[in-house]
Every structure is written in C-alpha cells, then in structure tokens.
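Trainee: could you look at this predicted model? Sequence included:
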Amino acid sequence: MNNIHIPPVVKNFLIINTLLFVATLVFQDKGINLATYLGAYYFDAPNFKIWQPITYMFMHGGFTHILFNMFALYMFGGVLESRWGSKRFINFYLITGLGALALQWAVQAFEVYQITGSPVNHGTIPLESLAQGMFNPAVLTESQASILHGIYFAPMVGASGAIFGLLVAFGMLFPNTEMYIMFIPVPVKAKYIIPVYIIIELSLGMASIPGDSVAHYAHLGGALLGFILVKLWKDKNTFYDYYE
C-alpha cells in the first residue's frame, strides 16, 4: 500500500466527495437534506443557487453511486493527472462537469418548452401546488405534471458527468489499454469498451424509461466535452501523441 501514488487533485477530490457524503448522511439523520443546497436544480427552479453547478459534482445519492464514481476517479483520474499535470486535470474535470449539467439543462429546457411553450415558467404553472403533487388536469396531464415536478424539484447530484469525461479522455489517450469488464472473462481494449458505453447511455437517455432517475444526458454532456477538450489539447500540443 505504501507504493500506491495518488496525484494531489485526485486525492483531494476523493477526500471532498467522501466528506460530503458522510456529511449528507449525518445531516439526513437530523432532518436536513444537503442535496437541497448543494445539488444542481434546473436553472429556473425556485431552489436553484449560483454555486450549485460546482457543488453538485461533489455530492452523491447513495453508497453505490459514490463507490463507482470514486473508483473510476481513482483508476482513470490518477493516470490522466499524472499525464497532464494538476492544473490541466482540474480544468478538464470541472469543465466536463459543467458540460454535463449544461446538456442536462438543455434537455430539461426542451421538455419544459414542449409542455408549457417556454423553457421558463412565467406563472403559467403554479409551482407551489406542483411541489405538493397537485395540478390542474385541464392544464397538465398526469405525465406532464410528473415531468415538470422532476425537473423543478429534483436536484441532480454526482460526479458522473466528469467521470464520463475522464473515461472518454482515457479511451482517446490510451486506446489499446486492455481492461476487464464485469461478466466478460477476457480483456477488452479501451477504444472498444468506451464507445459502446456511450451508445448505451444515449439509448437509455432517448428511451426515457419510467422510474429511471439517472441523468443520462449529463453523462453524455461530460463525455462530449471530454472528447472536445482532448482533441483541442492534442492538436495544440504535439507531444500529446496517442499511446499504442
């Protein structure tokens, strides 16, 4: 264990995420939901605060959620920070996290527009009643009310958008690295695994499965920004050659 090296930004991100997860559990026992303050609400929601686009990346909704994200941060983030350096890595992480939220907001804005005719609520929908699960059947169907309730009153939490950015960057920079995937008994190269993973996320996002609370478009937003950043940085820095 003494030979394990974790670069400084990855180490601090692991600590921050863990501390906030523990704090969430502690405050939850006291009847306080930290996600209400630190999770990212839709930009037109009553509970939206200016700091949430940053703080949401360090919040998680459950043990499995944080376990998988932190494992991926450790496995892929450490390699990328060691390659890029701390400054470039933290820029990449935060930009992909913001990109994840931006795409999720764009999809939500489109959904709100489809229902209300505008991406923002101008008093057409009484949000106070909607928050309590009440709506006017003459104005909204039950399905529409459910969609609006989820958009306006369910905060997004998690580092998954930034993690997807890391996965894409790793696949681009280390395409022939062999990885073992659950239920697949043979190693598969990163350049094959990661595109399939992205396609699955896109399919799930477009399917809009009832009861699915995962922000698939946020994952895709992080992946897209990750792809763009690696291409830009590689084109501007000739020493960023692909590992074969």
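Mentor: On my side now, so go ahead.

Trainee: how about low-confidence regions in this structure?
Mentor: Within the chain, the ranges that satisfy pLDDT under 70 run 1-4, 138, 181-185, 201-215, 235-244.

Trainee: correct me, but A169 touches L229?
Mentor: Yes. Because the distance of 7.4 Å satisfies CB atoms under 8 Å, A169 is recorded as touching L229. The C-beta positions use only the backbone N, C-alpha and C, and glycine is treated the same way.

Trainee: any idea which element the residue nearest the centre of the chain lies in?
Mentor: Per CA atoms, centre = their mean, the C-alpha nearest to the average position across the chain is that of G161, at 2.7 Å. When secondary structure is defined by DSSP states H and E, G161 falls within helix 160-173.

Trainee: which secondary structure elements does that helix sit against?
Mentor: In terms of contacts (3 or more CB pairs under 8 Å, 6 or more residues apart in numbering; DSSP states H and E), helix 160-173 is packed against helix 63-72, helix 78-84, helix 86-116, helix 190-207, helix 216-236.

Trainee: so which of the ones you listed is nearest F21?
Mentor: Closest approach to F21 among those (CB to CB): helix 63-72, 5.1 Å.

Trainee: tilt between that closest one and helix 160-173?
Mentor: Taking axes from the mean of the first three to the mean of the last three CA atoms, to 10 degrees, one finds helix 63-72 and helix 160-173 inclined to each other by 30 degrees.

Trainee: which other helices and strands contact helix 63-72?
Mentor: Counting contacts by 3+ CB pairs under 8 Å, 6+ apart, helix 63-72 is packed against helix 8-29, helix 160-173.

Trainee: in TSV: those, plus distance to M75.
Mentor: Compiled in TSV, the helices and strands packed on helix 63-72 are given as follows (distance: least, CB to CB, whole Å):
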stretch	distance to M75
helix 8-29	10
helix 160-173	9
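
Trainee: which of these is buried the deepest?
Mentor: Among these, ranked by average contacts under mean count of other CB atoms under 10 Å, first place goes to helix 160-173 (a mean of 26).

Trainee: run me through the strand neighbours of the next helix or strand after it, direction for each.
Mentor: For helix 160-173, the following helix or strand on the C-terminal side (DSSP H and E) is strand 178-179. Here strand 178-179 is paired, per DSSP bridges, with strand 188-189 (antiparallel).

Trainee: how about residues contacting the partner strand?
Mentor: For strand 188-189, the external contacting residues (CB atoms under 8 Å, 6 or more residues apart in numbering) are 175-181.
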